[in-house]
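Trainee: here is the input, now give the coordinates:
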Amino acid sequence: MSALSSSSAQPRSWVFVVLGAAGLTVSALACAALVLVLDFAWSEAPPSNASWELEVPPPVYGPLPSLTLRDERGQPLETGQLQGQLTLIRFALEVDAFLRQVREQLEADGVPVQVVIATSRDSTVLHPDWQPLRDSGRLLLLVDQRLQVRGVYDSSQGLSTSERVIEDARCLRSCPPL
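Mentor: Numbers count the residues shown, from 1 in each chain. The predicted structure is shown next:
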């Protein structure tokens with residue numbers, strides 16, 4: 001009887017050996033796959049000096065109000081003609097050095113922008129905070145391709161304003177939509 005019990009115990013131990021070997025094999029393959037995935041992820045990671053800041057598009061201030069517009073040559077423009085392009089709208093009598101510098105920098109960066117003068121000082125309804133800037137000729141609006149006002153600037157601020165306008169316009173060309 002002891003020979004019978006020892007022969008029946010022997011096949012059971014092989015089952016455990018086979019299951020253990022299979023478990024070790026699966027574990028080794030899983031570790032190898034994890035190493036490959038991590039190696040791929042590290043090779044695709046940006047350089048260590050890259051910035052991890054997310055670019056946030058400028059806010060939407062609302063649709064472009066109805067304005068009397070003209071281009072740099074003084075030709076009248078309809079608001080609909082601005083659709084599909086970034087536009088800088090200045091509430092002044094003419095395009096000045098500030099606007100030319102901003103446009104040249106954006107075009108050098110591959111961001112085409114149209115510069116437009118708003119000549120209406122009539123009853124056009126603007127945000128109350130914008131009125132003093134408009135009345136003094138310092139109001140500058142950045143309008144996106146869908147005719148939404150995306151930037152409101154005081155052009156008398158000089159370099160800091162031009163940098164913000166350029167940064168916002170670049171972002172509108174490359175940032176994901178809101």
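
Trainee: give me the neighbour count for Ala92.
Mentor: Ala92 has 19 neighbours, counted by other C-beta atoms under 10 Å. Where C-beta positions appear, they are placed from N, C-alpha and C, glycine not excepted.

Trainee: doesn't it belong to a strand?
Mentor: No - read with DSSP: H, G, I helix; E, B strand; the rest coil, Ala92 is coil and lies in no strand.

Trainee: got phi/psi on it?
Mentor: Taking degrees, to the nearest 10, you get phi -150, psi -180 for the backbone angles of Ala92.

Trainee: spit out the contact partners of it.
Mentor: For Ala92, the contacting residues are Ile117, Gly137, by C-beta atoms under 8 Å, 6 or more residues apart in numbering.

Trainee: roughly how far does it sit from Gly151?
Mentor: Applying C-beta to C-beta, to the nearest Å, the value for Ala92 to Gly151 is 16 Å.

Trainee: before we move on, what about Asp39?
Mentor: As judged by C-beta to C-beta, Asp39 and Gly151 stand 43 Å apart.

Trainee: of the two, who's got more company?
Mentor: Neighbour count, other C-beta under 10 Å: between Asp39 and Gly151, Gly151 has more, with 22 against 10.

Trainee: in space, what's closest to that one - neighbours in sequence excluded?
Mentor: In this structure, Gly151 finds its nearest non-sequential neighbour in Leu142, 3.2 Å apart by C-beta to C-beta, 6 or more residues apart in numbering.

Trainee: doesn't the one you found belong to a strand?
Mentor: Yes - judged by three-state DSSP, Leu142 forms part of a strand.

Trainee: that one against Asp168, yeah?
Mentor: Yes - in this structure, Leu142 is within contact of Asp168 by C-beta atoms under 8 Å, at 5.7 Å.

Trainee: hang on, the earlier thing: and the pLDDT at the residue nearest to Gly151?
Mentor: We have a pLDDT of 91 for Leu142.

Trainee: what about it, neighbour count?
Mentor: 23.

Trainee: show the contacting residues for it.
Mentor: Applying C-beta under 8 Å, 6+ apart, the residues contacting Leu142 are 58, 86-88, 149-153, 165, 168-169, 172.

Trainee: tell me the one among those residues nearest to Asp109.
Mentor: When the contacts of Leu142 are compared for distance to Asp109 (C-beta to C-beta), Ala169 wins out at 8.7 Å.

Trainee: doesn't Leu106 make contact with that closest one?
Mentor: Yes - between Ala169 and Leu106 there is a contact under C-beta under 8 Å: 5.4 Å.
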